[in-house]
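Undergrad: Got a predicted structure here, sequence first:
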There are 2 protein chains.
Amino acid sequence: MKPSLKHIAEHLGLSKTTVSWVLSGQAEQKNISQATTEKVLEYAASLHYQPNMIARSLNTGETKTIGLILPSISDTFYSEVAREIESRARNQGYSLMISSSESDIDREDEIIRLFKAKRVDGIILAPTKRSKVEVLRLIDEGYPLTTIDRYFPELNASYIIINNRDSCCMLTKHLINKGCKKIALLTTNSYLTTMSQRREGVEDALRESGLQLDPRLYGEVDFAGYEKNIHRVLNSIFTEVPDVDGFFFTTHILALEAFQYFYEKGIKPEFEMACIHEEPIFKVLAPQINVARMPVGEIGRTAVNSLIEQMENAKGKAKSRKKQQQEPKRITLSCSLEFRS
Amino acid sequence: MKPSLKHIAEHLGLSKTTVSWVLSGQAEQKNISQATTEKVLEYAASLHYQPNMIARSLNTGETKTIGLILPSISDTFYSEVAREIESRARNQGYSLMISSSESDIDREDEIIRLFKAKRVDGIILAPTKRSKVEVLRLIDEGYPLTTIDRYFPELNASYIIINNRDSCCMLTKHLINKGCKKIALLTTNSYLTTMSQRREGVEDALRESGLQLDPRLYGEVDFAGYEKNIHRVLNSIFTEVPDVDGFFFTTHILALEAFQYFYEKGIKPEFEMACIHEEPIFKVLAPQINVARMPVGEIGRTAVNSLIEQMENAKGKAKSRKKQQQEPKRITLSCSLEFRS
DNA sequence: ATTGTTTACTTAAACGGTTAAGTAAATCCA
DNA sequence: TGGATTTACTTAACCGTTTAAGTAAACAAT
């Protein structure tokens, strides 16, 4: 059997309290004698004693664990964010439970219930669609929660997003300055604020230059099954407006698919292009593409920081019995623009 | 405060036991009356009661949580494996704690200690180098453990790997059949059995055709800082053997870097190529590359299955007091070969 | 009418820590 | 020399579940 405090205490003829104090580093503070301290440490080490954090958690009410819910862990963007979050969380003393919602609202709700049952100290969530009952309940209960990447006005939670509209506006202006007159805009699921903001950014730039979005150059591709849909959309663009001279992709995924399309159709991508978020491979595929690079590291770190702040707050609240809700932190980070064409 | 069993029990004038039985679905079995059952369920639902799994775990000794340790969550291969593992684990009733070892042995040890302290029911590990003390201890203690992707003979643990040697041999044969006489072999960190097996597979094929590995065509690139090293290696190959006619990459990462090199140098990759594991983007970058595709899904599912088997075994053992060690399961999965050139 | 069984619960201990409150002995101070 | 303080601990309750063992009342069987 795994050694326990009780085991150590009995073996050394001490009380559990004394052993607990020594092993949690409070020996000095609690006036434990040098001799006892050493005896305990030595014996614990010889058993490779590891304190049972489950028992500790039950007592303290903290699990030192953060729950992370992403649409998909295997997406390159989210997996990078996950990595940053894990790294930051770890050196702040937290572990990470990760689960993929697969962009399914019911699954998201289910994960949240599970995470709550497992008593994670807080949740970082990239919400799916207009999130349902459990997210709202989290907010209502004041459960530490930070949402990332996607913003929904009806969720009164802390969030970390990026300056979608501005970034897209500036990228588009660049395309216009390069002489583009017929810019195609490829985007997805417009019910995501993220995506509508991006479209608005493009439209801002067009408007300022006296242009406007040609409906024949606008394609909205559903994330579910985008591989086929994007082909359809691009086909239509090239037949209806053969002299299209610029492409704006609201996500790296669409850009990738488009590059593949260009390749398959033998189209040399000699038009101007711009895209939100880049993958290293873009250098090879379409080196002239202009990108707004997502501050992945900053998103991760800021999310953890924001969450930790809420968690400490919640701890304080539990003590002082104050029930006042903290105003959520709303943070917008900037993309770094890279003009390459 | 969060509602507890006690809270519900007191409110309804029942004992904690009764409430516990009802809420854990044992009402029927334990002869709880219909009326009581309904009262309890109804009140619990109205409170959105979620059982405290921490308390349950302390009692049952199970956390229903699996620990996953990978060199890096953001690597495309590992993040896909992670996704499969999470998905499989979830529908078997387990959550996932994930941590990156960053290929650092001390960090790996630290993560293992942490996971043990948090009492995860079992660990899935892609080991780093010749793993140190904590991995050996896990094995020694019979802690449920399945290693994946990398195999070390000195670790007497269950493992899931792929048929590296055979896959590489067959890919190489294909290159030879296509007429290659001067095949370059790019690989990494040869202390990983994975990598030495792959090299041996290539050598097998060469030997069978009466060829042998030309040292000038062999490049070993350290994972740490491979971006620069691979340039050096490729430069050397092209100057020393300008008529190199085939390339074998032991990982997708090296292939990607090479494609980038080719692009930058303006080299048209018209030679034969082969590679272990593919990324979707290869279709665009070098469509003729021959690949052995890793069975990502199968790796993930098999790993979880193997671990669950050990965990159930361990549960049984705790009861029956038997201490006999189960023989570790050793599973080798096959890559699916795709010849494209 | 007595004994046995079933129904519908309750009591209390256990899981492995933390922590407020208590205590006996040694040391300090005047 | 006696009271106060300090040192070095111990006792016991608690966190929120599970579960073995107990019990009182109702019902059944002989």
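TA: Here it is on my side, so go on. All figures in this text were calculated on a predicted structure; none of them were measured in a lab.
Undergrad: Pretty sure A:Thr194 sits against A:Ile161.
TA: Yes - proximity of A:Thr194 to A:Ile161 meets the contact threshold set by Cβ atoms under 8 Å, at 7.1 Å. (C-beta placed from N, C-alpha, C; glycine too.)
Undergrad: near chain B, which residues of the stretch 101-250 of chain A?
TA: Applying Cβ under 8 Å from any Cβ of the partner chain, one finds that the stretch 101-250 of chain A approaches chain B through A:Arg113, A:Leu114, A:Phe115, A:Lys116, A:Ala117, A:Lys118, A:Arg119, A:Arg137.
Undergrad: Can you check which residues contact both of A:Thr194 and A:Ile161?
TA: Common neighbours of A:Thr194 and A:Ile161 (criterion: Cβ atoms under 8 Å, 6 or more residues apart in numbering or on different chains): A:Asp149, A:Arg150, A:Tyr151.
Undergrad: could I get the residues you listed as a markdown table with distance to B:Asp109?
TA: Conversion of the shared contacts of A:Thr194 and A:Ile161 to a markdown table gives the following (distance: Cβ to Cβ, whole Å):
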| residue | distance to B:Asp109 |
| --- | --- |
| A:Asp149 | 33 |
| A:Arg150 | 37 |
| A:Tyr151 | 40 |
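Undergrad: Could you turn the buried ones of these into a ChimeraX selection?
TA: Listed next is the ChimeraX selection for buried residues among these, using 16 or more other Cβ atoms under 10 Å in any protein chain shown:
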select /A:149,150,151
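Undergrad: Nearest to A:Ala9 among the shared contacts of A:Thr194 and A:Ile161?
TA: Using Cβ to Cβ, the shortest approach to A:Ala9 within those belongs to A:Asp149, at 48.8 Å.
Undergrad: who are the neighbours in contact with that closest one?
TA: Neighbouring residues of A:Asp149 by Cβ under 8 Å, 6+ apart: A:Val81, A:Ala126, A:Ile160, A:Ile161, A:Ile162, A:Thr194, A:Ile299.
Undergrad: The helix or strand of chain A with the lowest mean pLDDT near chain B at all?
TA: Across the helices and strands of chain A, the lowest-confidence element by mean pLDDT, DSSP states H and E is helix A:282-285, at a mean of 82. Yes - with Cβ under 8 Å from any Cβ as the threshold, helix A:282-285 lies in contact with chain B, specifically through A:Lys283, A:Val284, A:Leu285.
Undergrad: List the contacts of the last one.
TA: In this case it means A:Leu285. With the criterion set at Cβ under 8 Å, 6+ apart, A:Leu285 makes contact with A:Leu256, A:Phe259, B:Ile281, B:Val284, B:Leu285.
Undergrad: With distance to DNA strand D as extra columns, can I get those in CSV?
TA: What follows is the contacts of A:Leu285, written out as CSV (distance: Cβ to the nearest atom of the strand, whole Å):
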residue, distance to DNA strand D
A:Leu256, 47
A:Phe259, 52
B:Ile281, 48
B:Val284, 53
B:Leu285, 53
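Undergrad: Of the residues you listed, which is the most crowded?
TA: Tallying neighbours with other Cβ atoms under 10 Å in any protein chain shown puts A:Phe259 at the head of the contacts of A:Leu285, with 24 neighbours.
Undergrad: how many neighbours does the residue of the stretch 101-250 of chain A found nearest DNA strand C have?
TA: Checking the stretch 101-250 of chain A residue by residue against DNA strand C with Cβ to the nearest atom of the strand singles out A:Arg119 as nearest, at 13.2 Å. By the measure other Cβ under 10 Å, the count of residues near A:Arg119 is 20.
Undergrad: That one and B:Tyr49, how far apart?
TA: If you measure A:Arg119 against B:Tyr49 using Cβ to Cβ, to the nearest Å, the figure is 13 Å.
Undergrad: before we move on, the earlier item: the residue of the stretch 101-250 of chain A closest to DNA strand C is in contact with A:Ile54, isn't it?
TA: No - using Cβ under 8 Å, A:Arg119 is not in contact with A:Ile54; the gap is 10.2 Å.
Undergrad: any common contacting residues for these two?
TA: Taking Cβ under 8 Å, 6+ apart as the contact rule, A:Arg119 and A:Ile54 both touch B:Ile54.
Undergrad: Now look at stretch A:43-58 and say if it contacts DNA strand C.
TA: Yes - for a cut-off given as Cβ under 7 Å from any atom of the strand, stretch A:43-58 has contacts with DNA strand C, namely A:Pro51, A:Asn52, A:Ala55, A:Arg56, A:Leu58.
Undergrad: For these, give me CSV that also has secondary structure.
TA: As requested, these are arranged in CSV below (DSSP: H, G, I helix; E, B strand; the rest coil):
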residue, secondary structure
A:Pro51, coil
A:Asn52, coil
A:Ala55, helix
A:Arg56, helix
A:Leu58, helix
